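K.L.:
Test case, fold it:
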Amino acid sequence: MITKKEILSIAKESLDHFNLKAEIKFLSYQDFIRFAKKSPIILRALKEGNAFDELNIPALVYHEKKDHIYLSEEVLKKLIDEEPITIQRRFIKSVLYHEIFHILYKKNRVNLNFDAALNQEDLIDSRFRKEYPALEAIGRRISKRYLNF
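P.N.:
Predicted coordinates for the structure are as follows:
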């Protein structure tokens with residue numbers, strides 16, 4: 001898999017592309033799970049009997065005073081380790097752009113209940129697919145290969 005340093009470089013380029021400020025970093029797997037469980041969608045999937053490892057979530061956004069994009073090296077490795085380097089880079093960019101869209105459209109969040117979160121995810125998916133169809137397609141292709149819920 002490409003290095004963390006290269007992933008963070010792609011992350012910086014992605015933020016610059018959208019002229020955004022956010023903290024992007026890798027979290028330990030346990031910390032990543034802790035933040036992920038704050039999502040109503042992830043909580044619902046877990047309550048329905050899915051194991052967190054089955055969800056294969058490579059990144060997530062956490063909004064505080066400052067926006068954060070957290071990455072899971074373990075999940076990224078699982079999803080793209082066997083892919084050619086060029087595909088790895090494009091997938092990383094796809095993941096980051098998707099999370100950046102969450103930041104761009106966060107003002108559309110009414111609250112953090114399941115229905116609002118699901119509607120927000122649908123909005124992000126739709127806008128991302130429309131504006132960056134090639135990146136969205138690569139992200140969807142690789143993610144769906146490992147989607148278990």
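
K.L.:
Surely residue 21 is in a strand?
P.N.:
No. Residue 21 sits outside any strand when classified using DSSP: H, G, I helix; E, B strand; the rest coil, being coil.

K.L.:
how about the nearest residue to it, chain neighbours excluded?
P.N.:
Closest residue in space to residue 21, ignoring its immediate chain neighbours: residue 15 at 7.0 Å, by CB to CB, 6 or more residues apart in numbering. For every residue, glycine as well, the C-beta is placed using N, CA and C.

K.L.:
same thing with residue 2?
P.N.:
Counting by CB to CB, 6+ apart, residue 88 is the residue found nearest to residue 2 once chain neighbours are left out, at 5.1 Å.

K.L.:
what ranges do the helices span in the protein?
P.N.:
Counting by DSSP state H, the chain has helices at residues 4-17, 29-36, 40-47, 52-55, 73-80, 85-104, 114-131, 133-146.

K.L.:
May I have the phi/psi pair for residue 22?
P.N.:
phi -160, psi 160 (degrees, to the nearest 10).

K.L.:
That one against residue 66, yeah?
P.N.:
Yes. Applying CB atoms under 8 Å as the test, residue 22 and residue 66 come out as touching, 6.9 Å apart.

K.L.:
so how far is residue 3 from the residue nearest to residue 2?
P.N.:
10 Å (CB to CB, to the nearest Å).

K.L.:
Then residue 51?
P.N.:
Counting by CB to CB - residue 51 and residue 3 are separated by 28 Å.

K.L.:
circling back to that earlier point, residue 22 and residue 66: which is more packed in?
P.N.:
Neighbours per residue (other CB atoms under 10 Å) separate residue 22 from residue 66, with residue 22 holding more: 19 against 9.
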